[in-house]
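Asks: mind folding the following:
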Amino acid sequence: MTSPMPLPPVPEPFQLPFHYGALHQLGMDWLVDPEPVGELLAKHHPDLRAATFEDGRALVSLNYQLYFAQYAFGGGVTQEIEFNVIAFPTSEADRLPRLTYAQYTQGWDQTKLLGIARVHVVCDNPFAIRAGRELYAEPKYPGWFEVGLPSLNGPAGDIWNVRCNAATVGPADTLEKGVNPLLDIRVELGGLSSVAAGSAPVTGYGTDLEGRLLAGPMNLSQPYRWYDLTAPAHSGRTGLTVHAPDGDLGRDIRALVGDDTPATGAWTYQSPPVAAHHRPYYLPKGR
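Replies: Model prediction:
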């Protein structure tokens, strides 16, 4: 009989669970050739195997996140992009159900072994970079973002535009913005029907410096909205442009996804507002 494994440490000053005050997220999925995916996954996460779906294809994703967190000292806003492979622990292969891509995105895997194996994570918050590395073994490094997002405080529409740029972490954990863009993503979802996708908890995988595989679940308080983009008529609704093809992120994206490859699907999550400050009105002058 094997003894229980200890939990990974939670170093100071971090606390778990980490609570999100608000989250806005866009994901793009591609069904791709499994061979280069398996080769890349073996370099980063040797104890994981890439999941396969229709026609034996593997699944990779890019997801953008904008989130707010409230701390004892105030609040913080963070943006990041993850490049992930959908994968599972090799030792658990006999527990997985056989699913189509659409079934997976709608949460049919109740084992939650099909998770996101993080290959690159670019983030604009030095504190969050450190937390991701030390708590979840995320391959997280600095960048900064220029975005245009659907918002109740903006023009009507459902268009997401995200540019991820290079950055470094300077003295006193300050973010120093670079001038070179890394990639652009664009998704136009206006007029499309979506499906409520109850896929949480989402399992995120990391491999630490000692080669140990970590799994960290993330719960969400409402379903994702998933959009099926497999129809040829939807091929122009997404765009991915790599501006730094010789960097690690650009090289891996191009090796797995290629240039101008339409996404198979997209998914979004936007926290509902908690309050609204309405338009003022005039009061008559005193009589």
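Asks: just the strands in the protein please.
Replies: Counting by DSSP state E, the chain has these strands, from start to end: 22-32, 48-50, 58-71, 74-89, 115-123, 140-148, 159-169, 175-188, 195-197, 202-207, 213-218, 224-228, 238-242, 265-270.
Asks: and of those, who's closest to His277?
Replies: Among the strands of the chain, the nearest to His277 by CB to CB is strand 22-32 (16.2 Å). (C-beta placed from N, C-alpha, C; glycine too.)
Asks: count of neighbours near the residue nearest to Val37 when sequence neighbours are not counted?
Replies: Closest residue to Val37 apart from its sequence neighbours, by CB to CB, 6 or more residues apart in numbering: Ala58 at 4.0 Å. Neighbour count for Ala58, taken as other CB atoms under 10 Å: 24.
Asks: quick revisit: let me have the strands of the chain in CSV, extended by mean pLDDT and distance to Ala255.
Replies: Converted to CSV, those look like this (pLDDT from 0 to 100; distance: least, CB to CB, whole Å):
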stretch, mean pLDDT, distance to Ala255
strand 22-32, 97, 10
strand 48-50, 98, 14
strand 58-71, 96, 10
strand 74-89, 97, 11
strand 115-123, 98, 11
strand 140-148, 98, 19
strand 159-169, 98, 18
strand 175-188, 97, 14
strand 195-197, 94, 28
strand 202-207, 97, 20
strand 213-218, 96, 23
strand 224-228, 97, 26
strand 238-242, 95, 11
strand 265-270, 97, 21
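Asks: tell me, how many residues neighbour Ala87?
Replies: Ala87 has 27 nearby residues by other CB under 10 Å.
Asks: partner residues bridging it?
Replies: With DSSP bridges as the criterion, Ala87 is bridged to Ala50, Gly115.
Asks: returning to that earlier point: for the residue nearest to Val37, what are its contacts?
Replies: Contacts for Ala58 (CB atoms under 8 Å, 6 or more residues apart in numbering) come out as Leu31, Val32, Asp33, Pro34, Val37, Gly38, Ala50, Ala51, Thr52, Val85, Ile86.
Asks: got it, and Tyr20?
Replies: Tyr20 touches Tyr67, Phe68, Ala69, Ser271, counting by CB under 8 Å, 6+ apart.
Asks: beta-bridge partners for the most centrally placed residue in the chain, please?
Replies: Using CA atoms, centre = their mean, the residue of the chain that lies closest to the mean C-alpha position is Asn63, 3.3 Å off. Bridge pairing for Asn63 (DSSP bridges) gives the partners Gly27, Glu82.
Asks: follow-up on the earlier one: now which of the contacts of Tyr20 would you call buried?
Replies: Tyr67, Ala69, Ser271 (16 or more other CB atoms under 10 Å).
Asks: next up, the contacts around the nearest residue to Ser193 once chain neighbours are set aside.
Replies: Nearest in space to Ser193, with sequence neighbours left out and distances taken as CB to CB, 6+ apart, is Tyr227 at 7.8 Å. When contacts are counted by CB under 8 Å, 6+ apart, Tyr227 is found next to Leu189, Leu192, Ser193, Ser194, Val195, Gly265, Ala266, Trp267, Thr268.
Asks: end-to-end on stretch 87-101?
Replies: With CA to CA, to the nearest Å as the measure, the first residue of stretch 87-101 is 13 Å from its last.
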